[in-house]
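Participant: Starting from these lines, generate the structure:
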Amino acid sequence: MTQAAKLGLVGVPPTLRIGAGNPEALKYGRMWEHPEYRQVAPGEDLAALFLRVARPKAGAQVVDFGCGTGRGAVMLALLGLLKVTMVDFVRNCLDPGVRDMLGPRGDVLTFLKHDLEQPLPIHSQFGFCTDLMEHIPPDRVDRVLDNILKASQHVFFSIATKADVCGQLIGEPLHLTVRPAAWWREQFAKRDCVVHWAQDDEGALGRLLIYVTAWVSGEDLTKSGVLNVEEREIVEHVKHNIAQGWAQAMPHDPNDFECVVLGGGPSMATCEDDIKAKRAAGMKLITLNGAYHWALDHGLTPSAQIIVDAREFNKRFTKPVVDTCVYLLASQCHPAVFEGLPKDRTYLWHTNPEPIRALLDAQYDLWQSIPGGSTVLLRAIPLMRMLGYSKFHLYGCDSCVAPEDVTRHHAYAQPENDGGIVLPVTLSDGRIFYANPWMVSQAQEFVALIQRMGDLFDLAIYGDGLLAHILTTGAALPEPGPVLSEVVPGEDLQTSLIATRGEEPNGP
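Facilitator: Residues are numbered from 1 along each chain as shown. The predicted structure follows:
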């Protein structure tokens, strides 16, 4: 299991329990009343080093975890022209001059009172965490470290490896987890972090400087995806289905028909009137998986239904059988999906042929495979293009969950997708979407599909989902480089995405 899976759900802002009941917050409330404790602000001295190592662009978002006096955040804002959110669990930590800057410079500097033992309600591309982790009680280090690594894609840490001297001001130790640099490195290694840069200063300075990410790229998620049905089952499905006499979907001449494609994403629910208007105007209506039932429930008759997933539960997506609807089913689909379908309106098509090539060669004189990616949408577009269609209006093709409710992954109930990991996806323009891992892979592969075949069709994507935002704004995932695990940036979507060629989709 990857660390992304181990870390669990990242969702909408949780109910905040800010500092309540945490005796450490009370302790530091007392500490910040001592002027002596303010004399040294490690973040202030390390801001320039962070800028050299991380090289954030002007205007980038940074979270300063355990900001203390706030002077480090001010240096980041002034030297790097960055937007900095300061986080601490007591308000009196900020220097008076820094507090004054929260007014007129509130667009650049903001403050969030928050206990880092709780998941953060914010996410950013960069994190800055200096002189904090050694202050965390040993039994809470894992929790705090996980929350920080989830909240920011790339985080610069400075961690003291020796005891403090300021605790004597209140008669209590401040450095509660004093461990050598090697121990701290192991904590990052256990989280599958990529170390971008590190420097051990365990001599006179007694600290570890390290710049890491616990996130993975969308491309990495795609590569690590697994089939949701074993290959041997897929081969058995194909062997059975091609022997039943179903006709194959074969290439057709180009036509001028326009198609409405329903993908089932949350935004589809807000576009019902527009979908109905296009259908009334004579456009073909293509449904994918569960969007079939959504269309029927809303008085819309599908022109065609497309399924690629090989699991048995997909059989409900072809019932009831609809007069005039054409059923375009991948040969890898479970045989139960075909039960009761009309022979004259049901057609087989084939995904990546390598495991089934011998079967297809033995059965057919001529057969055609459909390229694409790991989801039904990514196969449906090339399939419809092969059938002669080139003008598509996509609804519910979001590749993200609903922003107001990360448990809502479709415009209708689909329990097979409940409880999945949700990843905040940060685009190059700062927009954040939330998505399941298979949605992230779909977004990566969608761009690759456009790069390879975009001149063969015209696409319009409706709604305010991830795919629509990418297509209409040209926004990309963050800069190329080693990337992270509980959100999905990484390589530039516009230039370096590569589609996978698995036989089986990773998400319905």
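Participant: Return the longest helix seen in the chain as CSV; C-alpha atoms alone will do.
Facilitator: Counting by DSSP state H, the longest helix found in the chain is helix 437-453. Taking C-alpha atoms only, helix 437-453 is exported to CSV below (Å, rounded to 0.1, in the frame of the first residue of the first chain):
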residue,chain,number,x,y,z
PRO,A,437,-7.3,8.6,-7.8
TRP,A,438,-9.0,7.1,-10.9
MET,A,439,-10.3,10.6,-11.7
VAL,A,440,-6.7,12.0,-11.5
SER,A,441,-5.5,9.3,-13.9
GLN,A,442,-8.4,10.2,-16.2
ALA,A,443,-7.4,13.9,-16.2
GLN,A,444,-3.8,12.9,-17.1
GLU,A,445,-4.9,10.6,-19.8
PHE,A,446,-7.5,13.0,-21.2
VAL,A,447,-4.8,15.5,-22.0
ALA,A,448,-2.7,12.8,-23.6
LEU,A,449,-5.8,11.8,-25.7
ILE,A,450,-6.3,15.4,-26.8
GLN,A,451,-2.6,15.7,-27.7
ARG,A,452,-2.7,12.5,-29.8
MET,A,453,-6.2,12.8,-31.4
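Participant: quick one: contacts for E44?
Facilitator: T69, R71, G72, V74, M75 (Cβ atoms under 8 Å, 6 or more residues apart in numbering). The way it works is simple: take the backbone N, C-alpha and C, and place the C-beta from them, glycine included.
Participant: whoops, S267 was the one
Facilitator: S267 neighbours (Cβ under 8 Å, 6+ apart): Y395, G396, D398, A402, A411, Y462, G463, D464, G465, A468.
Participant: now swap in Y389 and tell me
Facilitator: Counting by Cβ under 8 Å, 6+ apart, the residues that Y389 touches are N255, F257, C259, K284, F457.
Participant: before we move on, back to that, so which bits of the longest helix of the chain are buried?
Facilitator: By neighbour count with 16 or more other Cβ atoms under 10 Å, helix 437-453 contains the buried residues 437-451.
Participant: how much space is there between K83 and D131?
Facilitator: 22 Å (Cβ to Cβ, to the nearest Å).
Participant: Look at the two and report which has more neighbours.
Facilitator: A count of neighbours by other Cβ atoms under 10 Å puts D131 above the other of K83 and D131, at 22 against 18.
Participant: In contact with the closest residue to the more buried one other than its chain neighbours, which residues?
Facilitator: Among residues not flanking D131 along the chain, P42 sits closest, at 4.1 Å (Cβ to Cβ, 6 or more residues apart in numbering). By Cβ under 8 Å, 6+ apart, P42 lies in contact with G72, T130, D131, S158.
Participant: Sort out for me which of the residues you listed are in helices.
Facilitator: G72.
Participant: The helix or strand following the longest helix of the chain - which strands sit beside it in the sheet, and in what orientation?
Facilitator: As assigned by DSSP states H and E, the chain's next helix or strand after helix 437-453 is strand 458-461. Strand 458-461 sits in its sheet next to strand 391-395 (parallel), going by DSSP bridges.
Participant: just to revisit the earlier point, widest-spaced pair of the contacts of Y389?
Facilitator: K284 and F457 (13.8 Å; Cβ to Cβ).
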